[in-house]
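In: Got a predicted structure plus its sequence, pasted below:
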Amino acid sequence: MRLALFEPDIPQNTGSLLRLGACLGVPVDIIEPCGFLWSDTKLRRAGMDYLDQAVITRHASWAAFRHAIADSRLVLLTTKGATSYLDFAFAASDILLLGRESAGVPDEVHDCADARLLIPMRTGLRSLNVAMAGAIVLSEALRQTKGFPTG
């Protein structure tokens with residue numbers, strides 16, 4: 001299981017997701033360009049001292065990321081999805097892809113996903129914070145695949 005962040009633009013959310021990955025033993029892929037400097041103090045503040053424990057792979061572009069993960073199933077979390085994450089059968093080798101906070105992912109990225117999942121929400125509300133969405137779906141994926149750390 002991996003988390004992938006497509007061109008993240010809010011350092012606090014990225015830091016929170018890196019901390020989540022560190023705590024749960026889930027590697028995190030960062031697909032550049034980021035909308036902030038990697039050394040941003042907000043990234044460090046949100047990630048706290050967990051960033052040194054995170055397994056992070058930075059990819060120069062969407063194409064570089066796609067090349068690196070060619071054999072993995074790409075699961076996009078999107079408000080445009082038709083399938084609830086609760087109705088999806090996750091595999092331990094899945095990559096959960098999160099879009100930019102400000103714009104999601106472009107059509108090219110959307111079209112490359114093997115699955116497009118949504119989190120059921122009340123009508124009329126747009127979306128959850130990307131870090132919260134990542135935590136919710138990652139938790140279910142780890143539960144299904146028995147991937148939570150044991151110690």
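Out: Yep, that arrived. Numbering: from 1, shown residues only.

In: secondary structure element for the closest residue to residue 16 other than its chain neighbours?
Out: Distances taken as C-beta to C-beta, 6 or more residues apart in numbering place residue 131 nearest to residue 16, at 4.1 Å, with adjacent residues excluded. All C-beta spots, glycine's among them, are computed from the backbone N, C-alpha and C. Taking DSSP states H and E as the definition, residue 131 sits inside helix 130-145.

In: Could you check how far that helix is from the centre of its chain?
Out: For helix 130-145, the separation from the chain centroid amounts to 9 Å (computed by C-alpha atoms, centre = their mean, to the nearest Å).

In: name the helices or strands packed onto that helix?
Out: Counting by 3 or more C-beta pairs under 8 Å, 6 or more residues apart in numbering; DSSP states H and E, the packing neighbours recorded for helix 130-145 are strand 2-6, helix 11-24, strand 74-77, strand 95-98.

In: Just send the ones you listed back as CSV, with mean neighbour count, distance to residue 57 and mean pLDDT too.
Out: Listed next are these as CSV, based on neighbours: other C-beta atoms under 10 Å; distance: least, C-beta to C-beta, whole Å; pLDDT from 0 to 100:
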stretch, mean neighbour count, distance to residue 57, mean pLDDT
strand 2-6, 23, 9, 98
helix 11-24, 22, 11, 94
strand 74-77, 24, 15, 98
strand 95-98, 25, 11, 98
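
In: For those, give me a markdown table that also has distance to residue 88.
Out: Converted to a markdown table, the helices and strands packed on helix 130-145 look like this (distance: least, C-beta to C-beta, whole Å):
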| stretch | distance to residue 88 |
| --- | --- |
| strand 2-6 | 16 |
| helix 11-24 | 19 |
| strand 74-77 | 8 |
| strand 95-98 | 11 |
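
In: Relative to residue 62, which of these is closest?
Out: Residue 62 sits nearest to strand 2-6 of all those, at 7.3 Å, using C-beta to C-beta.

In: helices or strands next to that closest one in the packing?
Out: Judged by 3+ C-beta pairs under 8 Å, 6+ apart, strand 2-6 is in contact with helix 11-24, strand 28-31, strand 95-98, helix 130-145.

In: Same list (these) but as a markdown table, adding distance to residue 49.
Out: Shown next, in a markdown table, are the helices and strands packed on strand 2-6 (distance: least, C-beta to C-beta, whole Å):
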| stretch | distance to residue 49 |
| --- | --- |
| helix 11-24 | 9 |
| strand 28-31 | 16 |
| strand 95-98 | 23 |
| helix 130-145 | 18 |
